[in-house]
Every structure is written in structure tokens, then in C-alpha cells.
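**Student:** sequence and predicted structure, then a few things I'm wondering about:
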Amino acid sequence: MLYFTHAFGNPCDEQLMLAGHKTPIALYKLSREHARTWGYWTWDPGDNVETASHPSYGLEDELEQGAPGDHQVSEEDSDNIRVNDNKDITDVHSILTGMGFDVEREDGNWGIEVYCEAVLKLKAYAEAQL
């Protein structure tokens, strides 16, 4: 660490060499020059540390609709929203196991394949009930 600090502190006596036997400062200057040449260095340093450290930094679009996790639902929409309870889950589990579907199986894809297959089977089951 001493060499690293020393290399940035005194550019005339740099001992740390990185890629291509270049010093950290030389690499920084080359990357900055490359960015200018290719047109993506805008000379704008970006937001200061105080601004970027705010907990809701980067959430401007979401904050227009309220704080993260603060979702407002109109009364009209709230009548159509229903949260599944344990009985719903056990009923679906019973239906799937009754169809011979292994809800506990590993698919090597964090359960995504099992979930998709279960949704298709339940959709077919629901359509058959109509």
C-alpha cells in the first residue's frame, strides 16, 4: 500500500507499475485522453459525493410516484386486488399434486422452470373447470 500511496503522491518518483509497465497516473492520463478522443468525456464530473450519498439517489423516476415501496392504489382498483392466503396456497398445492406434479422437484434453474410449468398446468385446470 505504501507504494500505491507513494505513486499517487509523487509523480516524479513512481515505483508502482501496472499494465504495460505504466504508472497509475500514466494509465489515468491515457484513459482520459482516450475518452476525449472517442467523445465520451463530457467534462462534466457528475454529481458530488454528498448528493450521490443520499439514500434515494438515482430513484428520481420512482420518487415522482412516491417513495420506494409506497404504492398508492385507487379505491376502484383496490376492490379488484386480492392477496392469496394459506388456504389458497394449500388448495393449489393439492390440485398440482393430485395431477401428479412434483412441486418440490429441483430444476437447476432456481425453481423457475417448475413455476412456469405449474402456471401452465393451473391455467389448463382452470380452463377445464369453466
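**Tutor:** Perfect, I can see it now.

**Student:** for the rest of this, base every contact and every neighbour count on C-alpha atoms.
**Tutor:** Fine.

**Student:** now do the buried residues in the longest helix along the chain.
**Tutor:** Counting residues, the longest helix found in the chain (DSSP state H) is helix 112-129. Neighbour counts over helix 112-129 (16 or more other Cα atoms under 10 Å) mark 114, 118, 121-122 as buried.

**Student:** again with stretch 100-114
**Tutor:** Of the residues in stretch 100-114, 101, 114 count as buried by neighbour count, 16+ other Cα under 10 Å.

**Student:** which neighbouring elements make contact with the host helix or strand of His34?
**Tutor:** For His34, the host element (DSSP states H and E) is helix 24-38. Using 3 or more Cα pairs under 8 Å, 6 or more residues apart in numbering; DSSP states H and E, the elements in contact with helix 24-38 are helix 2-9.

**Student:** pLDDT (mean, whole number) over stretch 23-30?
**Tutor:** Averaged across stretch 23-30, pLDDT comes to 75.

**Student:** alpha carbons of that stretch, as PDB, please.
**Tutor:** In PDB, the C-alpha atoms belonging to stretch 23-30 read as follows (Å, rounded to 0.1, in the frame of the first residue of the first chain):
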ATOM      1  CA  THR A  23       2.300   4.000 -13.600                       C
ATOM      2  CA  PRO A  24      -1.200   4.600 -12.200                       C
ATOM      3  CA  ILE A  25      -1.100   8.300 -13.100                       C
ATOM      4  CA  ALA A  26       0.100   7.500 -16.700                       C
ATOM      5  CA  LEU A  27      -2.800   5.000 -17.100                       C
ATOM      6  CA  TYR A  28      -5.300   7.500 -15.800                       C
ATOM      7  CA  LYS A  29      -4.000  10.200 -18.200                       C
ATOM      8  CA  LEU A  30      -4.100   7.700 -21.100                       C
END
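
**Student:** report the buried residues of that stretch.
**Tutor:** Neighbour-count burial for stretch 23-30 [16+ other Cα under 10 Å]: 23-25, 27.
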